[in-house]
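> Take this sequence and fold it.
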Amino acid sequence: MNGAGKANDEHWYPHFTWDRNIYTANWRTTGMKDQFNSGGMHPNYFSLFHKYLRGGGLKIWERGEVYAKWASEWIPWLLHDYSFSAENPMPQHRIVGWGEKSLYTHREATEIKGWVNPYSTNIPGFTTPDKFHLDGEHLIHMWPFEWYYLTGSPIARQGLMATGNQAKYSTHKHFFGDISESPPSLDKLFYYDDKEHPERIPPYFYTRVYASHLLSTSWTYAATGDEASLFYARWLARRILYLQRKNNGTLGDRDNWSRIPPWQESEAAIAAYALYRETGDEEMLDIMGSWLEWAWREAYEPGKGMPHRFKRGGDPRKYEHHWYPGVAAPLSYAALGERKALKLTEEWADSSLHNIHKGKLLRYPVGQSAAYVLTYLQEKRGDVAPPQTVTDLRAEYHENGNVVLKWTAPHAEGGDSAAGYWIKYAGRPIVSQPDFPGEVGEKIGFYHADNIRGEPAPMKEGGKEEFPVSRLAPHGAYGSGKELGIEDLDPGKYYFVIKAWDEAGNLSGISNSASITIR
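Next up is the predicted model:
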């Protein structure tokens, strides 16, 4: 591994470091970053400590700690009011502008008229009450989370909780409506896709609003165990699952197919991984798998990567590229064991795409997940083939209302049996991913189909498996704590498929389809 620098034992100090418009030599501005506001903006997406973790270095550590401390202390001020007060329904932020670090009040913010470009003005337009949403698409703060994870600092926890509270507030305010309401129906129109007030948010940002809120609430739960953060994280994931299922893998609907941002879709997969690490919920695998199948079939161009944004069905080679898929792909491979995700990871590591240079992936904090996969996880999984695909799945519907699935236990290299099963059901034929657009609505993708709980531990290869289906987990009920069974299904035809994992984490192909008819 590369060291963090020649003088790893030297102290860091702000020696007239030029950071756009700011000299960090002044003690009052030490650690201050421009482009840092209520949403964090892009600098706060990156790790401060990745070089230290790679090679050590006192200077690297101290610099990271100073920046993380500054961010952690300022975030609660930037996200000043996240209460649910009916008298003050919109949080009135204390916004730090760019360049000159002036403090803007609520009155000054409300006097802004029309669209204010948040990337070129000193008063971010997206903070204007009743006109623009909170800066939800940038609500990601890696620095406090990372610092808290490494040190347990109460200052870092304060900044982390401020971000998590803001994500909870924003989710409740703009999705749930009145605080007395229970979680709304998933097909309800929300603030972020309000067709009657298109000035509130460019539709382009629709995807990452969900992703960043999910990531913030998941990180807060991971670091603090805050149950309210887990509640909102699971609801946000539930909404993402609904949108992916509705739109054949993307969060944007038909109205936005002319400007799909693959990098923002990738952010949803990244956020899902954060919650999956804490809960192990299969539904988070569905979000990652849904992104992977869509990316592989529609956005990925072999040898060219994936675009920053493009028109659905268009040629992705015509568009600029982005590094987010290079984070989502290795995380999806780590969680799913899908070889498609490994292929994407390998190509990103060997490319000259935006922010990633051939042979130098480890230089970038965004490359650490790919480095983990390619230097450790791939070796662990080795050249072991995934378990054999089940080809003889059968379903029996009994007069007493029970459904029994039967199949032969598959072969898995490196052991006497597979390590686990993943069983799905749906009211349409289940395939890996429906062809777009011809099969959309007629068939359903594996990761869009509903889950079944309680799969049996695999028998040795050749064993005759028999599984009575008793616990259904439809996507629409995820996070609600509601238990459903076969008796809750409406009359009609239902299809079942199965995949198998091996001990190394490789996932098999999709089985043949078995079906029953409930009358």
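
> mind checking how far the closest residue to Val431 other than its chain neighbours is from Ala228?
Distances taken as C-beta to C-beta, 6 or more residues apart in numbering put Lys443 closest to Val431, at 5.0 Å, once the chain neighbours are dropped. For every residue, glycine as well, the C-beta is placed using N, CA and C. As judged by C-beta to C-beta, to the nearest Å, Lys443 and Ala228 stand 38 Å apart.

> and what of Asp187?
Distance, Asp187 to Ala228, using C-beta to C-beta: 25 Å.

> Compare neighbour counts for those two and give me the winner.
Neighbour count, other C-beta atoms under 10 Å: between Asp187 and Ala228, Ala228 has more, with 14 against 8.

> Check which helices and strands the helix or strand the more buried one falls within sits against.
Assessed by DSSP states H and E, Ala228 sits inside helix 227-246. Judged by 3 or more C-beta pairs under 8 Å, 6 or more residues apart in numbering; DSSP states H and E, helix 227-246 is in contact with helix 154-171, helix 206-224, helix 262-279, helix 282-294.

> buried stuff in that helix?
Neighbour counts over helix 227-246 (16 or more other C-beta atoms under 10 Å) mark 229-246 as buried.

> wait, isn't Arg339 in contact with Pro386?
Yes - with contact defined as C-beta atoms under 8 Å, Arg339 counts as touching Pro386 (7.3 Å).

> hey, what's in contact with both of those two?
Common contact partners of Arg339 and Pro386 (C-beta atoms under 8 Å, 6 or more residues apart in numbering): Asn506.

> These two: which has the busier surroundings?
Between Arg339 and Pro386, counted using other C-beta under 10 Å, the more crowded position is Pro386 (23 against 15).

> which residues sit against stretch 498-509?
So stretch 498-509 is contacted by 334, 336-339, 377, 380-382, 384-390, 393, 405, 407, 410, 412-415, 418-424, 432, 446, 458, 510-511 (C-beta under 8 Å, 6+ apart).

> Now the buried members of the residues you listed.
334, 336-338, 377, 381, 384, 386-388, 390, 393, 405, 407, 410, 412, 415, 418-424, 432, 446, 458, 510-511.

> May I ask which helix or strand encompasses Lys406?
Following DSSP H and E, one finds Lys406 within strand 403-408.

> ok, Met217 to Gln166 distance?
Actually, residue 217 is Thr. It isn't Met. Going from Thr217 to Gln166 by C-beta to C-beta gives 10 Å.

> More neighbours: these two, which one.
Counted by other C-beta under 10 Å, Thr217 and Gln166 do not tie: Thr217 has more neighbours, with 33 against 30.

> Wait, that one touches Ala167, no?
Yes - if you go by C-beta under 8 Å, Thr217 and Ala167 touch, sitting 4.9 Å apart.

> what is in contact with the two at once?
Counting by C-beta under 8 Å, 6+ apart, the contacts common to Thr217 and Ala167 are 229, 232.

> would you say Asp187 is within a helix?
No - residue state for Asp187 (DSSP: H, G, I helix; E, B strand; the rest coil) corresponds to coil; a helix is not indicated.

> Next up, the contacts around it.
Each residue near Asp187 by C-beta under 8 Å, 6+ apart is listed here: Tyr242.

> Strands of the protein, start to end?
Assigned by DSSP state E, the chain shows strands spanning 18-19, 22-23, 95-96, 103-104, 394-397, 403-408, 420-426, 430-431, 444-445, 450-453, 464-469, 471-473, 492-501, 514-518.

> For Leu251, find the nearest of those.
strand 444-445 (14.8 Å; C-beta to C-beta).

> Enumerate every residue touching Ala269.
By C-beta under 8 Å, 6+ apart, Ala269 lies in contact with 287-288, 291-292, 328, 331-332.

> mind giving me CSV with the residues you listed and columns for distance to Ala268 and pLDDT?
Output for these, formatted as CSV (distance: C-beta to C-beta, whole Å; pLDDT from 0 to 100):
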residue, distance to Ala268, pLDDT
Ile287, 6, 97
Met288, 9, 98
Trp291, 6, 95
Leu292, 11, 96
Ala328, 8, 92
Leu331, 11, 94
Ser332, 11, 96
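
> Serialize the residues you listed to TSV and add fields for distance to Glu483 and neighbour count.
Shown next, in TSV, are the contacts of Ala269 (distance: C-beta to C-beta, whole Å; neighbours: other C-beta atoms under 10 Å):
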residue	distance to Glu483	neighbour count
Ile287	22	28
Met288	25	27
Trp291	28	30
Leu292	29	26
Ala328	32	31
Leu331	30	25
Ser332	29	31
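
> Adding distance to Ile516 as columns, could you present the residues you listed in a markdown table?
Formatted as a markdown table, the contacts of Ala269 follow (distance: C-beta to C-beta, whole Å):
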| residue | distance to Ile516 |
| --- | --- |
| Ile287 | 28 |
| Met288 | 29 |
| Trp291 | 30 |
| Leu292 | 29 |
| Ala328 | 36 |
| Leu331 | 36 |
| Ser332 | 32 |
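
> Tell me the one of those residues nearest Ala156?
Ala156 has its nearest neighbour among the contacts of Ala269 in Leu331, at 23.3 Å by C-beta to C-beta.

> Was I right to think the closest one contacts Leu275?
No - with contact defined as C-beta under 8 Å, Leu331 does not count as touching Leu275 (11.7 Å).

> returning to what we had before: can you name the residues that contact the residue nearest to Val431?
Contacts of Lys443 (C-beta under 8 Å, 6+ apart): 428-431, 434.

> Same question for Ile423.
Contacts for Ile423 were tallied using C-beta under 8 Å, 6+ apart; they are 405, 451-452, 455, 467, 469, 496-498.
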